[in-house]
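Asker: what's the 3D shape of this:
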Amino acid sequence: MLFAKKAPEPQRQIFVIAGITVNVYSQPKATKPGAPVAVMFLLHGRNGSALKMGEYVNGIFDEVHAHRKKYDGEAQDLYIATFDQRNHGKRLVDKKANQGWFDDSEQNNDRHAIDMYAIQTGTAQDVSYLIDFLPSYLFPNDERTISQFLCVGKSLGGHATWIVLRNEPRIKIAVPIIACPDYLALMSRRAKWHKLPVGPPYFPKALLDLIHRADPAAAPYTTPDASNPFLGKKILVLSGQDDKKVPWATAAKDFVENLNVGKHGVKEVIVEPGVGHEFSPAMVKECARFVWQHALAA
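Answerer: Residues are numbered from 1 along each chain as shown. Predicted coordinates:
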């Protein structure tokens, strides 16, 4: 266990929404019955699963519980929802499709660039889909209302979180962790390492066209007007200074530094020294602090 327990054990409800199993965690008696609820989607990484995110669910709840105990006012309740990304966990169909490029033919996945983008964009679409339907499953008798949805994602889930931020206007607060908002910056570097072209068959024209049209880096993210989908959003970017898989300097830094969230938005960046490609305990603490400050106690 990464985290020592501080808060009451969270309750878990399980819903199957058109074939997607969704785990929804909540803290018992955190707020008054009937008070509005903030729902956070917590997205796992590549080759992970929803259930493997349990320790992070507990860590976030522990930190939120600590903030709540010190708070004098009324703060919103937090629910955390996890689900398996496409081709992961209980949705796994083809294990090799989650692999990268390798010299070993048994492990190598020539379609790595296609498969990974398909998974993260599909996950972002699943988030939007679940925003539509989860309220009806959670509160069929209109017992409570969901005041806001948030998105937090680790690694592959962090890539998907950036896509959610770009394409889903109902997500105003998000925390992408050890993640990249510029798919081509990340994958062209990997292709170069393996001496592969950024072209067919590894990057077909149809894929490149999609990336140039739909990727966060393809949006007008520096502009100060309504064409910028990130304007007004509150974003905490968490990265490890020693991350080799998704290096801060080459995969995210330029985009994040130039990202314009406007005067009503928030952009915080923490690059943790001595940390590699991991969702560290310090990152969990900062994630919970940001969610508490900008969603629950706001």
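
Asker: any idea how far Ala251 is from Arg86?
Answerer: Taking Cβ to Cβ, to the nearest Å as the measure, Arg86 and Ala251 are separated by 22 Å. The way it works is simple: take the backbone N, C-alpha and C, and place the C-beta from them, glycine included.

Asker: who's more crowded, those two?
Answerer: More crowded of Arg86 and Ala251, by other Cβ atoms under 10 Å: Ala251, with 25 against 22.

Asker: doesn't Met187 make contact with the more buried one?
Answerer: No - if you go by Cβ atoms under 8 Å, Ala251 and Met187 don't touch, sitting 9.6 Å apart.

Asker: quick one: buried residues of stretch 233-243?
Answerer: Within stretch 233-243, the residues that count as buried by 16 or more other Cβ atoms under 10 Å are Lys233, Lys234, Ile235, Leu236, Val237, Leu238, Ser239, Gly240, Asp243.

Asker: repeat for stretch 281-291
Answerer: Met283, Val284, Lys285, Glu286, Cys287, Ala288, Arg289, Phe290, Val291.

Asker: I'd like the residues you listed laid out as TSV, including pLDDT and distance to Gly199.
Answerer: Formatted as TSV, the buried residues of stretch 281-291 follow (pLDDT from 0 to 100; distance: Cβ to Cβ, whole Å):
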residue	pLDDT	distance to Gly199
Met283	98	36
Val284	97	40
Lys285	97	43
Glu286	98	39
Cys287	98	38
Ala288	97	43
Arg289	98	44
Phe290	98	39
Val291	98	41
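
Asker: Whichever strand or helix holds Leu236 pairs with which strands, parallel or anti?
Answerer: Element membership of Leu236, judged by DSSP states H and E, is strand 234-240. Partner strands and pairing direction for strand 234-240 (DSSP bridges) are strand 171-177 (parallel), strand 266-272 (parallel).

Asker: Contacts for that strand next, please.
Answerer: 165, 172-179, 246, 248, 252, 256, 259, 261, 265-272, 275-280, 283, 286-287, 290, 294 (Cβ atoms under 8 Å, 6 or more residues apart in numbering).

Asker: I'd like to know which of those residues are buried.
Answerer: 165, 172-179, 246, 248, 252, 256, 259, 261, 265-267, 271-272, 275, 277-280, 283, 286-287, 290, 294.

Asker: Any chance of the buried residues of stretch 233-243 in a markdown table with pLDDT and distance to Ser105 as columns?
Answerer: Below are those laid out as a markdown table (pLDDT from 0 to 100; distance: Cβ to Cβ, whole Å):
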| residue | pLDDT | distance to Ser105 |
| --- | --- | --- |
| Lys233 | 98 | 43 |
| Lys234 | 98 | 45 |
| Ile235 | 98 | 40 |
| Leu236 | 98 | 41 |
| Val237 | 98 | 37 |
| Leu238 | 98 | 36 |
| Ser239 | 98 | 33 |
| Gly240 | 97 | 31 |
| Asp243 | 96 | 28 |
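
Asker: OK, contacts around the most centrally placed residue in the chain?
Answerer: When Cα atoms, centre = their mean is applied to the chain, the residue found nearest the centroid is Gly153 (2.2 Å). By Cβ under 8 Å, 6+ apart, Gly153 lies in contact with Phe41, Leu42, Leu43, His44, His159, Ala160, Thr161, Ala174, Val175, Pro176, Ile177, Ala179.

Asker: Can you give me the distance of Met187 to His194?
Answerer: According to Cβ to Cβ, Met187 and His194 sit 11 Å apart.

Asker: quick one: which of the two has more around it?
Answerer: Using other Cβ under 10 Å, the more surrounded residue of Met187 and His194 is Met187, with 24 against 13.

Asker: tell me which element the more buried one falls in.
Answerer: helix 183-193.

Asker: tell me what the longest helix seen in the chain is packed against?
Answerer: Ranked by number of residues, the top helix in the chain under DSSP state H is helix 112-138. Contact partners of helix 112-138 among helices and strands, from 3 or more Cβ pairs under 8 Å, 6 or more residues apart in numbering; DSSP states H and E: strand 11-17, strand 20-26, strand 37-43, strand 77-83, strand 146-154, helix 156-167, helix 183-193, helix 205-214.
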